[in-house]
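>>> Model the following, please.
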Amino acid sequence: DARIDADNITVSSKMLGRIVNVYAQEGDAVTKGKLLAELDSSDLIAQRNQAMALRIQALANLNQVNAKYASDQQSMRVVEINLERAREDLARAKKQSEGGVITEEQYDHITKAYEAASAQADASKALISVSKLQISSASAAVETANAQIKVFDTQLKNTRLSSPANGVIAKRWLLPGDVI
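Just a heads-up that it's a prediction; the model follows:
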(Lines give C-alpha, C1' and ligand atoms only; values in the text may rest on other atoms or scores of the structure.)
Protein backbone atom coordinates (compact mmCIF):
# COMPACT_ATOMS: atom_id res chain seq x y z
CA ASP A 1 0.00 0.00 0.00
CA ALA A 2 1.06 3.61 -0.49
CA ARG A 3 -0.41 6.98 0.23
CA ILE A 4 -0.56 9.70 -2.37
CA ASP A 5 -0.73 13.13 -0.77
CA ALA A 6 -3.46 14.88 -2.67
CA ASP A 7 -6.58 13.91 -0.89
CA ASN A 8 -4.87 11.14 1.08
CA ILE A 9 -5.66 8.48 -1.48
CA THR A 10 -4.79 4.95 -0.41
CA VAL A 11 -3.44 2.86 -3.26
CA SER A 12 -3.78 -0.90 -3.04
CA SER A 13 -3.80 -3.88 -5.32
CA LYS A 14 -6.93 -5.56 -6.69
CA MET A 15 -5.25 -8.91 -6.14
CA LEU A 16 -2.97 -10.66 -3.72
CA GLY A 17 0.66 -11.09 -4.62
CA ARG A 18 4.31 -10.54 -3.79
CA ILE A 19 5.73 -7.11 -4.59
CA VAL A 20 8.69 -7.44 -6.97
CA ASN A 21 9.38 -3.76 -7.75
CA VAL A 22 8.57 -0.43 -6.12
CA TYR A 23 9.09 2.62 -8.35
CA ALA A 24 8.21 5.47 -5.96
CA GLN A 25 9.71 6.52 -2.65
CA GLU A 26 8.29 8.67 0.15
CA GLY A 27 8.39 12.29 -0.92
CA ASP A 28 8.40 11.53 -4.68
CA ALA A 29 6.10 13.59 -6.86
CA VAL A 30 3.95 11.35 -9.07
CA THR A 31 1.61 12.00 -11.93
CA LYS A 32 -1.65 10.25 -12.65
CA GLY A 33 -0.96 6.85 -14.25
CA LYS A 34 2.69 6.62 -13.09
CA LEU A 35 3.67 3.04 -12.28
CA LEU A 36 4.20 2.79 -8.52
CA ALA A 37 4.77 -0.94 -7.97
CA GLU A 38 4.55 -4.34 -9.63
CA LEU A 39 3.45 -7.68 -8.24
CA ASP A 40 4.97 -11.01 -9.24
CA SER A 41 3.20 -12.06 -12.41
CA SER A 42 5.21 -15.16 -13.35
CA ASP A 43 2.40 -17.60 -12.47
CA LEU A 44 -0.14 -15.55 -14.42
CA ILE A 45 2.18 -15.37 -17.44
CA ALA A 46 2.56 -19.16 -17.37
CA GLN A 47 -1.23 -19.60 -17.09
CA ARG A 48 -1.77 -17.15 -19.96
CA ASN A 49 0.75 -19.08 -22.07
CA GLN A 50 -1.12 -22.28 -21.27
CA ALA A 51 -4.41 -20.63 -22.31
CA MET A 52 -2.74 -19.48 -25.55
CA ALA A 53 -1.63 -23.07 -26.24
CA LEU A 54 -5.17 -24.30 -25.55
CA ARG A 55 -6.46 -21.68 -27.99
CA ILE A 56 -4.06 -22.90 -30.68
CA GLN A 57 -5.18 -26.47 -30.01
CA ALA A 58 -8.86 -25.44 -30.14
CA LEU A 59 -8.30 -23.60 -33.44
CA ALA A 60 -6.56 -26.65 -34.90
CA ASN A 61 -9.48 -28.81 -33.79
CA LEU A 62 -11.93 -26.33 -35.33
CA ASN A 63 -10.02 -26.44 -38.63
CA GLN A 64 -10.03 -30.23 -38.50
CA VAL A 65 -13.79 -30.52 -37.91
CA ASN A 66 -14.45 -27.93 -40.63
CA ALA A 67 -12.39 -30.04 -43.03
CA LYS A 68 -14.29 -33.17 -41.94
CA TYR A 69 -17.59 -31.38 -42.53
CA ALA A 70 -16.49 -30.37 -46.04
CA SER A 71 -15.41 -33.96 -46.71
CA ASP A 72 -18.73 -35.27 -45.37
CA GLN A 73 -20.59 -32.90 -47.72
CA GLN A 74 -18.58 -34.19 -50.70
CA SER A 75 -19.23 -37.77 -49.64
CA MET A 76 -22.92 -36.97 -49.34
CA ARG A 77 -22.93 -35.77 -52.94
CA VAL A 78 -21.47 -39.13 -54.07
CA VAL A 79 -24.02 -41.00 -51.95
CA GLU A 80 -26.86 -38.93 -53.45
CA ILE A 81 -25.65 -39.80 -56.97
CA ASN A 82 -25.52 -43.49 -56.04
CA LEU A 83 -29.00 -43.30 -54.49
CA GLU A 84 -30.41 -41.64 -57.61
CA ARG A 85 -28.82 -44.31 -59.80
CA ALA A 86 -30.22 -47.06 -57.54
CA ARG A 87 -33.67 -45.43 -57.67
CA GLU A 88 -33.55 -45.35 -61.49
CA ASP A 89 -32.31 -48.97 -61.60
CA LEU A 90 -35.15 -50.03 -59.31
CA ALA A 91 -37.79 -48.25 -61.42
CA ARG A 92 -36.38 -49.84 -64.57
CA ALA A 93 -36.12 -53.27 -62.90
CA LYS A 94 -39.72 -53.05 -61.70
CA LYS A 95 -40.93 -52.59 -65.27
CA GLN A 96 -38.61 -55.34 -66.50
CA SER A 97 -39.78 -57.69 -63.74
CA GLU A 98 -43.42 -57.03 -64.57
CA GLY A 99 -42.64 -57.71 -68.23
CA GLY A 100 -40.78 -60.89 -67.36
CA VAL A 101 -37.48 -59.56 -68.78
CA ILE A 102 -35.55 -60.16 -65.52
CA THR A 103 -35.87 -62.85 -62.89
CA GLU A 104 -37.29 -62.34 -59.41
CA GLU A 105 -33.80 -62.87 -58.00
CA GLN A 106 -32.36 -60.07 -60.17
CA TYR A 107 -35.19 -57.78 -59.10
CA ASP A 108 -34.51 -58.62 -55.42
CA HIS A 109 -30.81 -57.77 -55.86
CA ILE A 110 -31.67 -54.41 -57.42
CA THR A 111 -34.18 -53.72 -54.62
CA LYS A 112 -31.54 -54.52 -51.99
CA ALA A 113 -29.04 -52.27 -53.80
CA TYR A 114 -31.56 -49.42 -53.60
CA GLU A 115 -32.20 -50.09 -49.88
CA ALA A 116 -28.46 -50.11 -49.22
CA ALA A 117 -28.01 -46.81 -51.10
CA SER A 118 -30.90 -45.31 -49.15
CA ALA A 119 -29.42 -46.47 -45.83
CA GLN A 120 -26.04 -45.06 -46.83
CA ALA A 121 -27.69 -41.71 -47.59
CA ASP A 122 -29.31 -41.69 -44.14
CA ALA A 123 -25.95 -42.52 -42.54
CA SER A 124 -24.26 -39.71 -44.48
CA LYS A 125 -26.93 -37.24 -43.32
CA ALA A 126 -26.29 -38.35 -39.74
CA LEU A 127 -22.55 -37.83 -40.20
CA ILE A 128 -23.16 -34.31 -41.47
CA SER A 129 -25.31 -33.58 -38.41
CA VAL A 130 -22.53 -34.87 -36.14
CA SER A 131 -20.00 -32.72 -38.02
CA LYS A 132 -22.16 -29.63 -37.48
CA LEU A 133 -22.30 -30.37 -33.75
CA GLN A 134 -18.53 -30.88 -33.66
CA ILE A 135 -18.07 -27.49 -35.31
CA SER A 136 -20.27 -25.89 -32.65
CA SER A 137 -18.32 -27.60 -29.90
CA ALA A 138 -14.95 -26.67 -31.40
CA SER A 139 -16.09 -23.05 -31.85
CA ALA A 140 -17.15 -22.94 -28.20
CA ALA A 141 -13.71 -24.26 -27.16
CA VAL A 142 -12.04 -21.44 -29.11
CA GLU A 143 -14.32 -18.86 -27.46
CA THR A 144 -13.59 -20.35 -24.03
CA ALA A 145 -9.85 -20.12 -24.66
CA ASN A 146 -10.23 -16.51 -25.84
CA ALA A 147 -12.18 -15.67 -22.68
CA GLN A 148 -9.51 -17.30 -20.49
CA ILE A 149 -6.82 -15.25 -22.22
CA LYS A 150 -8.80 -12.05 -21.56
CA VAL A 151 -9.12 -12.99 -17.88
CA PHE A 152 -5.37 -13.50 -17.60
CA ASP A 153 -4.71 -10.24 -19.46
CA THR A 154 -6.90 -8.42 -16.95
CA GLN A 155 -5.18 -10.13 -14.03
CA LEU A 156 -1.77 -9.27 -15.47
CA LYS A 157 -2.85 -5.65 -15.79
CA ASN A 158 -3.88 -5.76 -12.12
CA THR A 159 -0.31 -6.71 -11.11
CA ARG A 160 0.74 -3.14 -11.95
CA LEU A 161 -0.20 -0.46 -9.39
CA SER A 162 -0.42 3.02 -10.84
CA SER A 163 -1.06 6.41 -9.31
CA PRO A 164 -4.75 7.35 -9.54
CA ALA A 165 -3.94 11.10 -9.32
CA ASN A 166 -1.13 13.65 -9.35
CA GLY A 167 0.47 14.07 -5.94
CA VAL A 168 3.31 13.29 -3.58
CA ILE A 169 3.97 9.95 -1.89
CA ALA A 170 3.32 10.72 1.79
CA LYS A 171 3.93 7.25 3.21
CA ARG A 172 4.99 3.96 1.70
CA TRP A 173 4.15 0.94 3.80
CA LEU A 174 5.51 -1.96 1.78
CA LEU A 175 8.81 -3.03 0.26
CA PRO A 176 9.81 -5.47 -2.50
CA GLY A 177 9.23 -9.03 -1.26
CA ASP A 178 6.26 -8.11 0.90
CA VAL A 179 3.01 -9.94 0.22
CA ILE A 180 -0.16 -7.92 -0.12
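
>>> Tell me where the protein has helices.
If you assign secondary structure with DSSP state H, the helices in the chain sit at 42-98, 104-157.

>>> Please produce TSV containing those helices, extended by distance to residue 33 and mean neighbour count.
Just so you know, the C-beta spots here come from the backbone N, C-alpha and C atoms, and that holds for glycine as well. Formatted as TSV, these follow (distance: least, C-beta to C-beta, whole Å; neighbours: other C-beta atoms under 10 Å):
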stretch	distance to residue 33	mean neighbour count
helix 42-98	21	15
helix 104-157	13	15
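
>>> ok, now which ones touch residue 120?
The neighbours of residue 120, taking C-beta atoms under 8 Å, 6 or more residues apart in numbering as the test, are 79, 82-83.

>>> again but with residue 23, I slipped
Contacts of residue 23 by C-beta under 8 Å, 6+ apart are 34-38.

>>> How about residue 66?
Residues in contact with residue 66, defined by C-beta under 8 Å, 6+ apart, are residue 135.

>>> any idea how far residue 134 is from it?
Relative to residue 134, residue 66 is positioned 9 Å away (C-beta to C-beta, to the nearest Å).

>>> Spit out the residues that contact these two alike.
When C-beta under 8 Å, 6+ apart defines a contact, no residue borders residue 66 and residue 134 alike.

>>> per-residue confidence for the residue nearest to the spatial centre of the chain?
What sits nearest the mean C-alpha location of the chain, by C-alpha atoms, centre = their mean, is residue 142, with 0.8 Å. In this model, residue 142 is scored at 98, pLDDT.

>>> I'd assumed residue 57 was in contact with it.
No: when contacts are counted by C-beta atoms under 8 Å, residue 142 is not listed as touching residue 57 (9.6 Å).

>>> Cool, thanks, signing off.
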